[in-house]
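Q: Build the 3D model from these lines:
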Amino acid sequence: MGKPFTVNIDRFDPYKTYRFLVYFGKSTTPVAAVSKVTALKRSSDVIEYKEGGDPIILKGLGRTKYEPITMERGVTHDPEFEAWANKVWDFGNAQAPDDQRQKEVSLKDFRRNLTIDVFNEAGQKVISYKVYRAWVSEFTAQADLDANANAILIQSLKIEHEGWERDSSVKEPAEPQFEDVGA
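A: Take a look at the predicted model:
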């Protein structure tokens, strides 16, 4: 059995799911208030076939597809979610008279690359994923409003994309250690 960590050999606990930041495009500022990102998932189709006279069904590799990613965040005054969603469909421009209509879809920049960084408990970046050619297929501007609830107002994006990969330049950092103060 291999060690789960190569640099921090005394660590046995996997990384937690609650320490992460998301970046849209080339921005160096993380998107505000993102509280949930669904799993990065891909699957490949299986093609079953038989050779003549052989009773065994063989299996071959078919097309690979990447599942959409959903991001949720608390509603703030940061316009980033809605601005990106409007690149795919801008209601205001779509409803304008023909002679005043500027655009309905921003074909030039509705796709973006994303970066998802994961951090350890000490705040060190430990894993990073790059998501390629992403675009918003569904936007929820706000969750249901309920006067009897005790909840945060949430908005969400469903993001289609053309693949992701782990950033191999991000290596396991040496975790900090504190000296024993009472010694």
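
Q: Mind naming the longest helix for this protein?
A: As assigned by DSSP state H, the longest helix anywhere in the chain is helix 80-88.

Q: buried set for it?
A: 80-81, 84-88 (16 or more other CB atoms under 10 Å). From N, CA and C alone the C-beta is placed, and that goes for glycine too.

Q: can you dump the C-alpha coordinates of stretch 120-132 into CSV?
A: Taking Å, rounded to 0.1, in the frame of the first residue of the first chain, the C-alpha atoms of stretch 120-132 are listed here in CSV:
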residue,chain,number,x,y,z
ASN,A,120,-5.5,22.5,2.8
GLU,A,121,-6.4,23.5,6.3
ALA,A,122,-3.4,25.8,6.5
GLY,A,123,-4.6,27.7,3.3
GLN,A,124,-1.9,26.3,1.0
LYS,A,125,-3.0,25.5,-2.6
VAL,A,126,-2.7,21.7,-2.9
ILE,A,127,-4.7,20.9,-6.1
SER,A,128,-5.8,22.9,-9.1
TYR,A,129,-8.0,22.0,-12.0
LYS,A,130,-8.4,23.8,-15.3
VAL,A,131,-11.8,23.6,-17.1
TYR,A,132,-11.7,24.4,-20.8
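
Q: Contacts for it, please.
A: 15-16, 19, 40, 69, 113-119, 159, 161-167, 169-170, 172-173, 175-176 (CB atoms under 8 Å, 6 or more residues apart in numbering).

Q: Recalculate using a threshold of 7 Å.
A: When contacts are taken as CB atoms under 7 Å, 6 or more residues apart in numbering, the neighbours of stretch 120-132 outside the stretch itself are 15-16, 19, 40, 69, 113-119, 161-167, 170, 172-173, 175-176.

Q: Kindly supply the ChimeraX command isolating those of these that are buried.
A: For selection in ChimeraX, the members of the contacts of stretch 120-132 meeting the burial criterion (16+ other CB under 10 Å) are listed in this command:
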select :19,40,69,114,115,116,117,118,119,161,164
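
Q: if you average pLDDT over the longest helix of the chain, what comes out?
A: Mean per-residue pLDDT for helix 80-88: 88.

Q: Go through the buried residues of helix 80-88 and say which is closest to Ile152.
A: Within those, distances to Ile152 taken as CB to CB reach their minimum at Phe81, with 14.5 Å.

Q: tell me the contacts of the closest one?
A: Taking CB under 7 Å, 6+ apart, we find Phe81 in contact with 73, 155, 157.

Q: any idea how far it is from Trp135?
A: Look at Phe81 and Trp135: by CB to CB, to the nearest Å, they are 13 Å apart.

Q: Likewise for Ala143?
A: 22 Å.

Q: Where do the strands of the protein begin and end?
A: If DSSP state E is used as the criterion, the strands of the chain fall at 20-24, 34-37, 42-49, 58-66, 69-74, 112-119, 125-140, 154-160, 164-166.

Q: Right, I'll leave it there.
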